[in-house]
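Trainee: Curious how this folds, go ahead:
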Amino acid sequence: MKRRSVGLLVAAATVMAGLTAVPAEAHSSKRVVGYYTNWSGYDRNFLVNDLAKNGTAARLTQLNYAFGFVDEHGNCLSSDPWADYQRPFTAEQSVSGKADAPGQALNGNLNQLKQLKQKFPGLRISISLGGWTGSKYFSDAALTAASRAAHVKSCLDLWLKGNLPGLPAGAAKGVFDGVDLDWEWPGSGGNPGNVIRPEDKQNFTALVHEYRKQLDKLSWPGRYNLTAFLPADPEQIDNGFEVKKLFKDLTFGTTQGYDYHGSWDPITNQQSAIDGPAGDPTTPEFSSQVTIDAYLSRGAPRSQLVMGVPFYSRGWTGVTNQNNGLFQPATGPAPATYEAGYEDYRLLKAKLSGFTVYRDNTAGFAWLFDGTTFWTWDDPVEMKRKAQYISQRELGGAMIWSLDGDTENGELIAALHRNLH
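Mentor: Sure, this is the predicted structure:
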């Protein structure tokens, strides 16, 4: 499985002598969690203020900012200091409508996220650590009790206490309300070169517990969120995750609800079907049903299981013109704007001329085909279908990879949000 280097209705927390603060996760609706990447502001020119302009921020309960990295010593570091906290924004680019002033302590996306929280006070924001290209040293960081404690201390100091290199102490304090662990993957091969150990499975449980322990020691009116991104493949689940134990410390977990298939496969297929389609020649089956059932059967609580959905498509070209392009041989990945075989929904929508939309209403997925090129297709119709599935199965909500794929009017998140009950 591959993934790209891929406000809660907060109860007012009252801290009184002898009383525990109300957890910040207390809510009465489904979670809507979205990833915003620190590279979205480059070629895509999708800025934090676009989350306000297209209606996304008003519909999110949690935003995961991706990604912070872990170095060979287990310490947390920024993967892009310029994007994260150095880049100045003009008045037109900023959430507040005011330009960053020369010499101010905090610039970049983190300052914009702080402004976003001021505008949408119910929104929770977590720093997401790892990702496809940033998980190389997680195994080292999680190896011993001492390494885990040092790693967590480093990450909380950098991201939650806001002590960024070269800035005044605490310059970024208050931006983040929690940590999202995106180790891809404990005990399984992810990006080539990742450190992998058989004991990663137990060590990840211990790492999550160490995060929970240190987070709970920090001063906060309520409780910091602690979440994890979890793989779709049951084999990877069993290689690296003690599911029932993990969810005792996690606020919630998000499942990989996409990349079931892609242009690394020799034949076309779905990337985010709810159920396995009839006639699929590949084994084992990958689908949201398989993934969700795998976690539930291993002890994950329904209310803490948040299902991933894609705001992008996977594509093949040189496809045999049979069966409307589905399950057909291809010569390679479809040409695309930023990465061959991967296209944002908003960009693909603008190139629909010549394509026909096909839907499998039984398995729950759609695709585009023009006789040669095949794209998976998650549009508002499929977002509605996924939201209804999440609601019918009484899951905890939906997670989006990634928010920069939506249109200027936020049509995907609108369809998702209004159908979650």
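Trainee: ok but residue 97 is inside a strand, no?
Mentor: No: going by DSSP: H, G, I helix; E, B strand; the rest coil, the assignment for residue 97 is coil, not a strand.
Trainee: wait, doesn't residue 232 sit right on residue 254?
Mentor: No: using Cβ atoms under 8 Å, residue 232 makes no contact with residue 254, being 11.1 Å away. From N, CA and C alone the C-beta is placed, and that goes for glycine too.
Trainee: who's more crowded, those two?
Mentor: residue 254 (28 against 24; other Cβ atoms under 10 Å).
Trainee: beta partners for the more buried one?
Mentor: Listed by DSSP bridges, the beta-bridge partners for residue 254 are residue 229, residue 306.
Trainee: from what I can see it touches residue 230, true?
Mentor: Yes: judged on Cβ under 8 Å, residue 254 makes contact with residue 230 at a distance of 6.6 Å.
Trainee: and the gap between residue 34 and residue 59?
Mentor: Remark: distance between residue 34 and residue 59 (Cβ to Cβ, to the nearest Å) = 9 Å.
Trainee: shared neighbours of these two, which are they?
Mentor: Shared contacts of residue 34 and residue 59 (Cβ atoms under 8 Å, 6 or more residues apart in numbering): residue 413.
Trainee: what about these two, which has more around it?
Mentor: residue 34 (25 against 19).
Trainee: From residue 390, how far off is that one?
Mentor: In terms of Cβ to Cβ, residue 34 sits 15 Å off from residue 390.
Trainee: So residue 247 belongs to a helix, correct?
Mentor: Yes: under three-state DSSP, residue 247 falls within a helix.
Trainee: Which residues are in contact with it?
Mentor: 253, 299-301, 304.
Trainee: could I get those residues as a markdown table with secondary structure, neighbour count and distance to residue 210?
Mentor: A markdown table is the format used below for those (DSSP: H, G, I helix; E, B strand; the rest coil; neighbours: other Cβ atoms under 10 Å; distance: Cβ to Cβ, whole Å):
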| residue | secondary structure | neighbour count | distance to residue 210 |
| --- | --- | --- | --- |
| 253 | strand | 25 | 17 |
| 299 | coil | 13 | 21 |
| 300 | coil | 25 | 21 |
| 301 | coil | 16 | 22 |
| 304 | helix | 20 | 19 |
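Trainee: Can you name the two of the residues you listed that sit furthest apart?
Mentor: Taking Cβ to Cβ as the measure, these span a maximum distance of 11.4 Å, between 253 and 299.
Trainee: residue contacts, the residue lying closest to residue 356 once chain neighbours are set aside?
Mentor: Nearest non-adjacent residue to residue 356, counting by Cβ to Cβ, 6 or more residues apart in numbering: residue 369, 6.0 Å away. By Cβ under 8 Å, 6+ apart, residue 369 lies in contact with 319, 324-326, 355-356, 358, 375.
Trainee: Of these, which is the most crowded?
Mentor: Neighbour-wise, the contacts of residue 369 (other Cβ under 10 Å) top out at residue 375, 27 neighbours.
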